[in-house]
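K.L.:
Provide a 3D model corresponding to the input given below.
(one chain, ligands or ions: 1)
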Amino acid sequence: MAGKADLVIVNGKVLTMDAARPRASAVALAGGVILAVGSTAEMRELAAPGAQVIDAAGGTVLPGFIDSHVHLFQGSAALEFMSMDGVETPQQAARTIRAYADANPDEPMILGTGTAYDLMGGRNPTRHDLDAILPDRPVALLSPDIHTLWVNTKALELSGLLHGGPVPEGSVIVMEPGGTASGELQETGAFGPVLKLSRTGGRDMLGYVTGAEPEPPATEEERAADRRLIAKGLAHAASHGITTMHNMDGNFYQLELLSDLDATGDLKCRMQVPFHLKNYDPLDRLEEAAEMRRLYSGDRVWSGRVKMFMDGVLDTHTALMTRPYPGTETVGEPVFEPDHFNAACIRADAMGLQISVHSIGDLATRRTLDGYQAACEANGVRDSRHRIEHIEVIHPNDLPRLRSLGAVASLQPRHSALGDYFPLIPQGTILHDDQYPYAFAWQRIRDTGTPVIFSTDWPVVPVDVMRNIQCAIAPMQPGAPWDARPQSLMDTLASYTSGNSWVEFNEGRKGQLAPGQMGDVVVMDRDLEACAPGAIHAARTMVTICAGQVTYSA
Ligand SMILES: [Zn+2]
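P.N.:
Numbers count the residues shown, from 1 in each chain. This next block holds a predicted model:
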């Protein structure tokens, strides 16, 4: 008797991420949800006449990957902007920028992404360096972490920043002697005005820079262009086996665009979008977060989380540290004052909102935990699942607090200095020797019993799941004073699937291959468990399925 499955995946090495039945060889889906998991023969029995059959041919089959920290709109735009990836010398920079400018004569501003720090032979570019390359059109180069922008004089003039100006706490317009800007703009409060000059009018960055809405509102033409761009980014993510992403910047505009894409069947990944609270926002703005949650509560586009920044990044010494950077007097730049941050946490937590905080330095993480503690004390212990993003360095005293306060460690293996993408941190520059074992300390954090979830922070690094997994299971081993501990493949896969569904309060609904769960599945082109850890990046996605629909097929 024919069954009712409309899609079956057979001959796979199925890792269900479900402890009740960890392994199988086939999966059957019906009506966009998982119908059953079992043997190939059993699942074939369930297939309806005409059902689609995918032969996994011995490849690993997993719940669709969830990337729990991305910037979708920026990542999508970065697919089209000038890439500075692999550009390492001033000569290469000049060639890349001039070639892009020649090929794009109508581009309102040449915007480069992924620009290495120390590009100018051991130092960062100044406006004069960039003027020497291209003086007559605005040029702006974003650092890989999207926390610094280097611009030429034309870009400074057009954005009104040539002679500096007021910026919010935590942001810096670096000045040169004589009262003019040097061309280095640190943090979004400083470089936001420049981004408006780009082809997208800066709309791709708005949810990150301020969390505000486009002003003036986007025209129908601009909306259509932005939808097209985001659809491209979603398709790109789906090609890496991704079925859900958690955005880390947000505004109503992005939620509207995503809902439009959903309505036309063009939403290839489920998207969670937060409300972005800046340090200068009144706390009453959190009502907007509640409004976002009320308006967007589906399984495909939803909100209910608040994003805040506690500090900057290590490279510019803006990450907030418990003691000064080696050889300096600076401990970094706090974005929020502690009292203000604690009040924000208490209020958001009382509203039942989830909190996620960018926190890189050890003092930033201490203060973030202080905020979560304040929320617990004021509101009682809730199942809040508040997240801390990055945790690049943690003070040993704060390690046990992660677990005891119920915080979630949201980590990005490839984004770290132990990944294969960015340079190692040279000794004596950013970290004290005794801090190295507590830098990118994924396994130490996991050992405390703290939930660990993985993501890329696309476009800081590509949204490539397998490259990121490789950096988790086979990190660089630079030796002392580092203490790089590999993650197990199973822990890593869980941090990319069931862990990430749990953090979005969807455990039991997705993130596992079990009957009744959402029909989000990825079929890999080989057996991941048979891959050498240092070569797993070569594994490719064969098929991605979201809600029972094939969203990518190799
Ligand atoms: Zn981010």
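
K.L.:
C-alpha only now, for contacts and for neighbours.
P.N.:
OK.

K.L.:
same for the lowest-mean-pLDDT helix or strand in the chain, what does it pack against?
P.N.:
The helix or strand of the chain with the poorest confidence is helix 203-209; it has a mean of 90 (mean pLDDT, DSSP states H and E). Applying 3 or more CA pairs under 8 Å, 6 or more residues apart in numbering; DSSP states H and E, one finds that helix 203-209 contacts helix 72-78, helix 188-195.

K.L.:
Deepest-packed of these, please.
P.N.:
Among those, helix 72-78 has the highest mean neighbour count (mean count of other CA atoms under 10 Å), at a mean of 26.

K.L.:
helices or strands up against it?
P.N.:
Secondary-structure packing of helix 72-78 (3+ CA pairs under 8 Å, 6+ apart): helix 203-209, helix 220-238.

K.L.:
can you pull the buried residues of the first one?
P.N.:
When you say that, I think you mean helix 203-209. Buried residues in helix 203-209, counting neighbours by 16 or more other CA atoms under 10 Å, are found at 203-209.

K.L.:
And stretch 129-146, by the same measure?
P.N.:
By neighbour count on 16+ other CA under 10 Å, the buried set for stretch 129-146 is 129-131, 133-135, 137-146.

K.L.:
could I get the helices and strands packed on helix 72-78 as a markdown table with distance to residue 362?
P.N.:
Shown next, in a markdown table, are the helices and strands packed on helix 72-78 (distance: least, CA to CA, whole Å):
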| stretch | distance to residue 362 |
| --- | --- |
| helix 203-209 | 23 |
| helix 220-238 | 32 |
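
K.L.:
Return the most buried member of the ones you listed.
P.N.:
Of the helices and strands packed on helix 72-78, helix 203-209 is the most buried (mean count of other CA under 10 Å), at a mean of 25.

K.L.:
Excluding its own residues, what touches that helix? List them.
P.N.:
Residues from elsewhere that reach helix 203-209, judged by CA atoms under 8 Å, 6 or more residues apart in numbering: 73-74, 77, 188-189, 192, 195-196, 212-214, 248-251, 254, 276.

K.L.:
quick revisit: taking the buried residues of stretch 129-146 together, which two end up most distant?
P.N.:
In the buried residues of stretch 129-146, two members sit farther apart than any others by CA to CA. They are 135 and 145, at 25.6 Å.

K.L.:
Would you check that residue 517 makes contact with residue 501?
P.N.:
No. Using CA atoms under 8 Å as the test, residue 517 is too far from residue 501 to be in contact (11.1 Å).

K.L.:
shared neighbours, those two?
P.N.:
510-511.

K.L.:
hang on, isn't residue 533 packed against residue 473?
P.N.:
Yes. Counting by CA under 8 Å, residue 533 touches residue 473, with 6.1 Å between them.

K.L.:
tally of neighbours for residue 34?
P.N.:
26 (other CA atoms under 10 Å).

K.L.:
can you pull out the strands in the stretch 151-300 of the chain?
P.N.:
Here the stretch 151-300 of the chain has its strands, by DSSP state E, counting those that start in this stretch, at 172-176, 180-186, 242-247, 270-272, 275-276.

K.L.:
The third one pairs with which strands?
P.N.:
Sheet neighbours of strand 242-247, with direction, are listed as strand 65-70 (parallel), strand 270-272 (parallel) (DSSP bridges).

K.L.:
I'd like the distance from the longest one to the chain centre, please.
P.N.:
Offset of strand 65-70 from its chain centre (CA atoms, centre = their mean, to the nearest Å): 7 Å.

K.L.:
Show residues contacting it.
P.N.:
Applying CA under 8 Å, 6+ apart, the contact partners of strand 65-70 are 241-248, 410, 453-459, 465, 496-497, 500-501, 511, 521-522.

K.L.:
change it to 7 Å
P.N.:
Strand 65-70 is contacted by residues 241-248, 454-458, 496-497, 500 when judged by CA atoms under 7 Å, 6 or more residues apart in numbering.

K.L.:
so it versus helix 220-238, what angle?
P.N.:
130 degrees (axes from the mean of the first three to the mean of the last three CA atoms, to 10 degrees).

K.L.:
Take strand 65-70, keep the C-alpha atoms, and write them as CSV.
P.N.:
Provided in CSV are the C-alpha atoms of strand 65-70 (Å, rounded to 0.1, in the frame of the first residue of the first chain):
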residue,chain,number,x,y,z
PHE,A,65,22.1,24.0,9.2
ILE,A,66,21.1,27.0,11.3
ASP,A,67,23.6,29.9,11.3
SER,A,68,22.9,31.7,14.5
HIS,A,69,24.7,35.0,13.8
VAL,A,70,24.7,36.6,10.4
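
K.L.:
Can you tell me which of the strands paired with strand 242-247 is packed in deepest?
P.N.:
Neighbour counts (mean count of other CA under 10 Å) averaged over each of the strands paired with strand 242-247 peak at strand 65-70, with a mean of 28.

K.L.:
For the strand or helix carrying residue 100, what is the distance to the chain centroid?
P.N.:
Assigned by DSSP states H and E, residue 100 belongs to helix 90-103. Relative to its parent chain, helix 90-103 has a centroid offset of 28 Å by CA atoms, centre = their mean.

K.L.:
So residue 33 sits against residue 519, correct?
P.N.:
Yes. If you go by CA atoms under 7 Å, residue 33 and residue 519 touch, sitting 4.0 Å apart.
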